[in-house]
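Participant: all I have is the shape, not the residue letters:
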């Protein structure tokens, strides 16, 4: 007879894997399009500031919507409905095949980002329940790694499309297939695990909770500063194309490389988080410090290095920031907590994107300096957070 705990761990792992596959298909669609958003909007007549605004505002509404959807998902307890509705909105991306103006493309891009905001707190809450059984860092790491497999495939779809057909329309049309597979996998996950909260009914050894308003404040400060100085990839891709740093057909490949770095680092930092706790957050600003200088003031290989570091930083953000938040909050308020902190995350990224877009058209040297200063401030905020965590653990231990 199989022990109940073993069965729960096995069932939880299956849910993590299925949700990872859902995200894999989602990222084929979204990350595939994001790899060419900058050059595509440029082709349709948009400026660098417009590209930065659309990308940043898309991230902002995606994260701002989480404040509402996180609250409502907690109030209703219907996490699956929010997850499914949000994923259905990713179907806006294949419709880019029909657009003729950058304004229409921007609207579809923003619709997809809104869908991301609707689904993310609920999906992360479901995932946090399942990850409780296997270790939150490892659970989120597995999910992020599968997610990034899709993020590798998506840009390659466009790389092949550009090489064979010389345009973007074929690539957008192909994205209808992973969208259909996404819907099927999502329905399967809902049928197999209708009550994910049950995974946290049993006591499973995990990192000791770090509940403290002081820690949450410092955690939020760290998150804000590191994201305010973190460039959106479409602006980097815009520069690669506009400055002829990277051939247009290779830009999606650069993005695929970034996503591969993201996937591999997510697994590593997830395991490290389960062993060492919040200390591993220091990797995020450390990886981000050189990105702007490499991306905006270097040549081909500097751009490649920037793409790799960008992926590493994203891997840390998507894994540890989400895993740590689950350990900082109670089960009944987790959707709300994900909504609040993701709104902060997206708001900082949006504000930083606007600043970077303006500085790009003003003076690239100031852009680089701004990014380095913000990541340095984030590094200082990390040590501020780390001291608070150590003090809290001593007081409760």
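Facilitator: Thanks, I have it. Only a predicted model underlies this, so the values are computations on that prediction, with no experimental measurement involved.
Participant: and the lowest mean pLDDT element among the helices and strands of the chain?
Facilitator: None of the helices or strands of the chain scores lower by mean pLDDT, DSSP states H and E than helix 322-328, at a mean of 75.
Participant: where in this structure is pLDDT low?
Facilitator: 1-7, 201-213, 330, 392-397 (pLDDT under 70).
Participant: identify, by residue count, the longest helix of it.
Facilitator: Criterion DSSP state H: the longest helix present in the chain is helix 4-43.
Participant: just to revisit the earlier point, what is the subsequent helix or strand relative to the least confident helix or strand of the chain?
Facilitator: helix 334-362 (DSSP states H and E).
Participant: show me what counts as buried in that following helix.
Facilitator: 334-350, 352-360 (16 or more other C-beta atoms under 10 Å). Glycine gets a C-beta too; all of them are placed from N, C-alpha and C.
Participant: end to end, how far does stretch 75-84 reach?
Facilitator: By C-alpha to C-alpha, to the nearest Å, the extent of stretch 75-84 from end to end equals 17 Å.
Participant: who touches that stretch?
Facilitator: 69, 72-73, 118-119, 121-123, 125-126, 186-187, 190, 194, 196, 335 (C-beta atoms under 8 Å, 6 or more residues apart in numbering).
Participant: ditto for stretch 10-26
Facilitator: So stretch 10-26 is contacted by 87, 90, 123, 126-127, 129-134, 139, 142-143, 145-147, 149-150, 153, 178-179, 181-182, 185-186, 188-189, 192-193, 196, 199 (C-beta under 8 Å, 6+ apart).
Participant: list buried residues within these.
Facilitator: 87, 90, 123, 126-127, 129-134, 139, 142-143, 145-147, 149-150, 153, 178-179, 182, 185-186, 189, 193, 196, 199.
Participant: in stretch 299-314, which of the residues would be classed as buried?
Facilitator: For stretch 299-314, the neighbour count (16+ other C-beta under 10 Å) marks 302-314 as buried.
Participant: could I get those in JSON lines, plus columns for secondary structure and distance to residue 40?
Facilitator: Output for the buried residues of stretch 299-314, formatted as JSON lines (DSSP: H, G, I helix; E, B strand; the rest coil; distance: C-beta to C-beta, whole Å):
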{"residue": "302", "secondary structure": "helix", "distance to residue 40": "24"}
{"residue": "303", "secondary structure": "helix", "distance to residue 40": "18"}
{"residue": "304", "secondary structure": "helix", "distance to residue 40": "21"}
{"residue": "305", "secondary structure": "helix", "distance to residue 40": "24"}
{"residue": "306", "secondary structure": "helix", "distance to residue 40": "20"}
{"residue": "307", "secondary structure": "helix", "distance to residue 40": "18"}
{"residue": "308", "secondary structure": "helix", "distance to residue 40": "23"}
{"residue": "309", "secondary structure": "helix", "distance to residue 40": "24"}
{"residue": "310", "secondary structure": "helix", "distance to residue 40": "19"}
{"residue": "311", "secondary structure": "helix", "distance to residue 40": "21"}
{"residue": "312", "secondary structure": "helix", "distance to residue 40": "26"}
{"residue": "313", "secondary structure": "helix", "distance to residue 40": "24"}
{"residue": "314", "secondary structure": "helix", "distance to residue 40": "21"}
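Participant: in those, find the pair that's most separated.
Facilitator: 302 and 314 (18.6 Å; C-beta to C-beta).
Participant: distance check, the spatially closest residue to residue 334 that is not a sequence neighbour against residue 294.
Facilitator: Closest residue to residue 334 apart from its sequence neighbours, by C-beta to C-beta, 6 or more residues apart in numbering: residue 125 at 4.9 Å. To residue 294, residue 125 is 36 Å away according to C-beta to C-beta, to the nearest Å.
Participant: neighbour-wise, which of these two wins?
Facilitator: residue 125 (27 against 21; other C-beta atoms under 10 Å).
Participant: quick one: contacts for the more buried one?
Facilitator: Residue 125 neighbours (C-beta under 8 Å, 6+ apart): 73, 79, 196, 334-335, 338.
Participant: just residue 61 next, same as before
Facilitator: Residue 61 neighbours (C-beta under 8 Å, 6+ apart): 110, 113-114, 117, 346.
Participant: now, of these, which are buried?
Facilitator: Buried among those (16+ other C-beta under 10 Å): 110, 113-114, 117, 346.
Participant: let's verify the spatially most central residue of the chain: helix, strand, or coil?
Facilitator: By C-alpha atoms, centre = their mean, the chain has its centre lying nearest to residue 318, at 5.0 Å. At residue 318, secondary structure determined by DSSP: H, G, I helix; E, B strand; the rest coil is helix.
Participant: all the strands of the chain, residue numbers only.
Facilitator: Remark: no strands are assigned in the chain by DSSP state E.
Participant: if we can go back for a sec, check the offset of the longest helix of the chain from the chain's centre.
Facilitator: Helix 4-43 sits 10 Å away from the centroid of its parent chain (C-alpha atoms, centre = their mean, to the nearest Å).
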